[in-house]
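Novice: what's the 3D shape of this:
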Amino acid sequence: MNKRLQCVADSPHPLAFRWTADQIAALRPTDENTIPTFAQDACAPRLPGLDIWDMWPVENPEGHAHTFAQGWLWLALAAPVLPDPEDRHAIARIHLLLEASDGSGWADFGPAFPDGHTPGSREWSGSALYQPDGDRVLCWFTAAGRRNEASPSFEQRLFLCEGTLQWHGDKPVIKGWSDPAEAVSADGEIYLQVRGSEGGAGTIKAFRDPFYFQDPRSGEHFLFFTASKAASTSSWNGVIGVAHSFDGAHGPWRLLPPVVDADGLNNELERPHMRYLGGQYYLFWSTQRKVFVADAAQGPTGLYGVVGEGPLGPFRPINGDTLVAGNPEETPWQAYSWWVLGDCRVTGFADWPGVTPDAAPSDAEGRRRAFGGSPAPWFTLLLEGDSSRIQLDSR
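Specialist: Residues are numbered from 1 along each chain as shown. This is a model prediction of the structure:
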């Protein structure tokens with residue numbers, strides 16, 4: 001491994017925030033931290049023939065979804081509609097979407113990358129940066145598995161590609177993608193190297209979901225990601241990892257120790273992303289009830305977060321218990337994979353909207369009927385220091 005990418009445990013770095021069972025046991029659902037129940041007809045209309053889930057906007061260097069004359073560009077995991085929506089993860093591609101500024105809704109412009117361009121057997125979540133000088137788009141993403149592998153594996157690697165955004169009328173396309181460059185790799189000592197094919201939904205190990213952040217105060221660059229702790233004796237060993245660069249968005253990156261450590265509590269702290277708001281640094285992630293340790297308190301499927309004085313912390317739990325926005329008990333699977341924008345509006349995707357615990361589908365046909373596969377209703381976070389509350393959004 002390039003020495004500049006090695007993990008540097010002696011780097012200046014506050015202790016990781018320890019996410020504990022005591023914090024989860026203290027959770028109390030309220031109107032301020034619970035997303036109201038919604039039905040499928042409250043969601044954005046489905047795109048024809050397509051399921052979409054994890055979404056992220058093309059952001060500007062200030063951390064806001066960049067506004068183009070035509071609207072807002074998004075990248076999203078997508079797959080053709082299958083008989084069982086659970087199978088979508090094995091064929092996921094990153095698609096380019098447009099949310100039109102005239103209010104006409106969402107449009108799909110197909111896979112963001114040409115066929116065969118990325119090194120995995122499928123593409124998983126990441127983040128994107130728009131650089132107006134040259135209309136350049138930088139996309140960090142997860143390559144899952146290996147291209148042309150006999151069956152999908154759970155190997156996960158973090159890559160960066162860079163392309164040029166072009167508009168043909170109201171139709172966007174990103175052309176001239178650079179060859180995928182591995183941004184940073186797991187060291188096997190602090191971050192588990194995910195290579196095997198073992199595991200299933202909620203139990204696989206992680207090195208995925210890269211999120212790029214430039215500190216507006218120092219100008220330094222950070223890459224946050226979902227990972228698994230290497231030196232762990234627990235099956236629930238999820239962490240949020242980070243890499244650092246002085247030199248720019250292209251790196252080179254050096255691994256730092258985790259900023260959030262859920263060892264012994266939770267297996268997957270997914271899609272971490274950071275916002276600098278009101279002089280504070282807010283780090284958010286999504287997780288599901290099913291990936292908490294089975295013999296202790298379990299939080300709802302929801303959006304969680306911590307707040308601190310710098311991009312590496314030290315961090316404090318938002319609301320004293322980390323819960324920012326959870327699904328309600330009556331519809332615990334209605335949405336997932338939330339993304340907090342720079343203006344505090346929040347989007348996620350509709351998973352099983354309106355489905356109650358006693359009506360959970362157990363077969364492919366039932367899951368197909370239940371699955372939303374489109375953007376869920378928006379809401380806004382009202383943040384004040386260490387506290388947050390939900391405000392419904394009419395968008």
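
Novice: quick one, strands of the stretch 1-150 of the chain?
Specialist: 17-18, 50-59, 67-68, 71-80, 93-100, 106-111, 122-131, 136-144 (DSSP state E, counting those that start in this stretch).

Novice: Only alpha carbons, please: show the biggest strand by length in the chain as PDB.
Specialist: Looking across the chain with DSSP state E, the single longest strand is strand 156-168. Output of strand 156-168 as PDB, limited to C-alpha atoms (Å, rounded to 0.1, in the frame of the first residue of the first chain):
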ATOM      1  CA  GLN A 156     -16.200  -3.400  -1.200                       C
ATOM      2  CA  ARG A 157     -13.800  -0.800  -2.500                       C
ATOM      3  CA  LEU A 158     -13.900   3.000  -2.700                       C
ATOM      4  CA  PHE A 159     -13.200   4.700  -6.000                       C
ATOM      5  CA  LEU A 160     -13.200   8.100  -7.600                       C
ATOM      6  CA  CYS A 161     -14.100   9.000 -11.200                       C
ATOM      7  CA  GLU A 162     -14.200  12.500 -12.800                       C
ATOM      8  CA  GLY A 163     -16.200  13.500 -15.800                       C
ATOM      9  CA  THR A 164     -17.500  16.600 -17.700                       C
ATOM     10  CA  LEU A 165     -21.100  17.600 -17.300                       C
ATOM     11  CA  GLN A 166     -22.800  18.600 -20.600                       C
ATOM     12  CA  TRP A 167     -26.400  19.700 -21.200                       C
ATOM     13  CA  HIS A 168     -28.300  18.900 -24.400                       C
END
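
Novice: residues in contact with the closest residue to N267 other than its chain neighbours?
Specialist: Excluding the flanking residues, the one nearest N267 by Cβ to Cβ, 6 or more residues apart in numbering is V291, at 4.3 Å. The C-beta positions use only the backbone N, C-alpha and C, and glycine is treated the same way. The contact partners of V291, by Cβ atoms under 8 Å, 6 or more residues apart in numbering, come to 202-203, 236, 238, 266-268.

Novice: again, only using 7 Å
Specialist: By Cβ atoms under 7 Å, 6 or more residues apart in numbering, the contact list for V291 reads 202, 266-268.

Novice: Please identify which pair of those lies farthest apart.
Specialist: G202 and N266 (10.4 Å; Cβ to Cβ).

Novice: Name the residue in these two with the higher neighbour count.
Specialist: More crowded of G202 and N266, by other Cβ atoms under 10 Å: N266, with 25 against 13.

Novice: these two touch, right, the more buried one and T287?
Specialist: Yes - under the criterion of Cβ atoms under 7 Å, N266 makes contact with T287 at 5.8 Å.

Novice: Show me the contacts of V291 that map onto helices.
Specialist: Among these, no member is found in helices (DSSP state H).

Novice: quick one: which of these is nearest R93?
Specialist: Relative to R93, and with distances defined as Cβ to Cβ, the nearest of those is E268, at 21.5 Å.

Novice: so who does that closest one touch?
Specialist: Contacts of E268 by Cβ under 7 Å, 6+ apart are 202, 206, 226, 238, 287, 291.

Novice: one more time with 10 Å
Specialist: Taking Cβ atoms under 10 Å, 6 or more residues apart in numbering, we find E268 in contact with 201-206, 208-209, 226-228, 236, 238, 262, 285-288, 290-292.

Novice: Would you mind checking these for buried ones?
Specialist: In those, burial by neighbour count holds for 204-206, 208-209, 226-228, 236, 238, 262, 285-288, 291-292, counting by 16 or more other Cβ atoms under 10 Å.

Novice: where does the stretch 201-350 of the chain have low pLDDT?
Specialist: Within the stretch 201-350 of the chain, the ranges that satisfy pLDDT under 70 run 201.

Novice: just the helices in the stretch 251-395 of the chain please.
Specialist: 364-370 (DSSP state H, counting those that start in this stretch).

Novice: all strands of it, in order?
Specialist: Under DSSP E, counting those that start in this stretch, the stretch 251-395 of the chain gives strands at 254-261, 270-277, 280-287, 302-308, 315-317, 323-326, 335-340, 345-350, 379-384, 387-392.

Novice: Output those in a markdown table, with distance to A42 appended to each entry.
Specialist: Shown next, in a markdown table, are these (distance: least, Cβ to Cβ, whole Å):
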| stretch | distance to A42 |
| --- | --- |
| strand 254-261 | 32 |
| strand 270-277 | 23 |
| strand 280-287 | 20 |
| strand 302-308 | 18 |
| strand 315-317 | 30 |
| strand 323-326 | 16 |
| strand 335-340 | 11 |
| strand 345-350 | 9 |
| strand 379-384 | 12 |
| strand 387-392 | 11 |
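
Novice: Name all residues that make contact with K290.
Specialist: 201-203, 267-268, 298, 301, 332-333.

Novice: at 7 Å instead, please
Specialist: K290 neighbours (Cβ under 7 Å, 6+ apart): G202.

Novice: Check which residues of stretch 374-385 are buried.
Specialist: Buried-residue list, stretch 374-385, by 16+ other Cβ under 10 Å: 374-377, 379-381, 383.
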